[in-house]
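>>> The following block contains a protein sequence and its predicted model.
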Amino acid sequence: QEYTCVKMEVVQFSDAAKDLIDKVGGRKIFLVAATLRPETMYGQTNCFVGTAIKYGVFAGKDNEAYVCTYRAARNMAFQGISETAGKVTQLAEIEGTKLIGSKIKAPFGIHPEVYVLPMDNVLATKGTGVVTSVPSDSPDDFATLTDLRKKPEFYKIDPAWVAIDPIPVLSTPTYGDMSAPALVKQLKIQSQKDTKQLAEAKELAYKEGFYAGTMLVGEYKGLPVQEAKTKVRASMTEKGLAFAYAEPEGFVLSRSA
Ligand code: ZZB
């Protein structure tokens, strides 16, 4: 599985995460979000971390530091992304909950700065453990954002952190300008806890977006998603805002075999 890792630079840490700054020796710090949909980055409204996940801060090249799971950092080390090839250098450690409320940059986002929020279904075993949120086109993101807006006290978040509405990014014949809200409604999804229906909605949104979607915004406005996807990715990578990251398939299997 080949992901695009989007580098979301920290603008302002939450109080609980502020002490990280002293531990990274003046490096620029980024949350690194793994996505399969680089063409949707215009519509980022926030970023999700898992509340039960432990993250590390890892040394990258050019005096940068990346926040992700240790597992992802190790894979990156073998892909030439770490400071020293083949080596993981961990500078600090932090729990997901402590990152919530931090303000970060959203590369290519129509809203250039967004907040870090909690999501129940972030898997520590996939991608980087950091997920950038596009509620217009990701049913999981839309369902979670809706949950957070309904019960900010329960999720211990400031309502100001969920103020950005979903942004139309691409148009599809079947679901209109925002596939995720349309599918959440159609499949009667109530919350992020409806994981079975959400998996189905995600599959439908992926297919429709990829095969029938047309860009509504950005540099490649008017182009089919299939063409825009690689162009947006290349443009982001060229600007130093993203890098390719491959997930070794069957990693766990081959280890236990
Ligand atoms: C932005 C985005 C916009 C995404 C969209 C999807 C969609 P897959 O197919 O199962 O591999 N993701 C990445 N890492 C994790 C994780 N650790 N735990 C939970 N979710 C994660 O899923 C890859 C997608 O799942 C990634 O692409 C990311 O969300 C999320 F409009 O990034 B995506 C129809 C989906 N649309």
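Nice, I can see it.
>>> so how many other residues sit close to the residue in the stretch 151-257 of the chain positioned nearest to the ligand?
Ranked by Cβ to the nearest ligand atom, the top residue of the stretch 151-257 of the chain for proximity to the ligand is Ala205, at 3.5 Å. Heads up, the C-betas are built off the backbone N, CA and C, glycines and all. Residues near Ala205, counting by other Cβ atoms under 10 Å, number 26.
>>> Now do the same for it: its pLDDT.
Looking at Ala205, its pLDDT stands at 98.
>>> cool, and the one 3 residues further on?
On the pLDDT scale, Glu208 is placed at 98.
>>> Glu249 too?
At Glu249, pLDDT is 76.
>>> residue contacts, it?
Shown in contact with Glu249 (Cβ atoms under 8 Å, 6 or more residues apart in numbering): Gln1.
>>> Could you confirm it falls within a helix?
No. Glu249 sits outside any helix when classified using DSSP: H, G, I helix; E, B strand; the rest coil, being coil.
>>> 18 is where my numbering starts, stick with that
Okay, residue one is now 18; in that scheme the one you just asked about reads as Glu266.
>>> Quick check: it vs Glu19, distance?
Here Glu266 is placed at a distance of 11 Å from Glu19 (Cβ to Cβ, to the nearest Å).
>>> Report whether the residue of the stretch 168-274 of the chain closest to the ligand is found in a helix, as I expect.
Yes. Using three-state DSSP, the assignment for Ala222 is a helix.
>>> Might one say that it is in contact with Gly193?
No. Between Ala222 and Gly193 no contact is recorded; they are 11.9 Å apart, counting by Cβ atoms under 8 Å.
>>> Whether stretch 184-201 contacts the ligand - can you check?
No. Shown here: stretch 184-201 not in contact with the ligand (Cβ under 6 Å from any ligand atom), separated by at least 6.9 Å.
>>> which element is Ile121 on?
strand 120-122 (DSSP states H and E).
>>> sorry, that was for Glu26
Using DSSP H and E, Glu26 falls within strand 19-29.
>>> what touches both of Glu266 and Glu19?
With Cβ under 8 Å, 6+ apart, Glu266 and Glu19 have no common neighbours.
>>> Tally up the residues packed near Arg91, please.
Neighbour tally, Arg91, other Cβ under 10 Å: 16.
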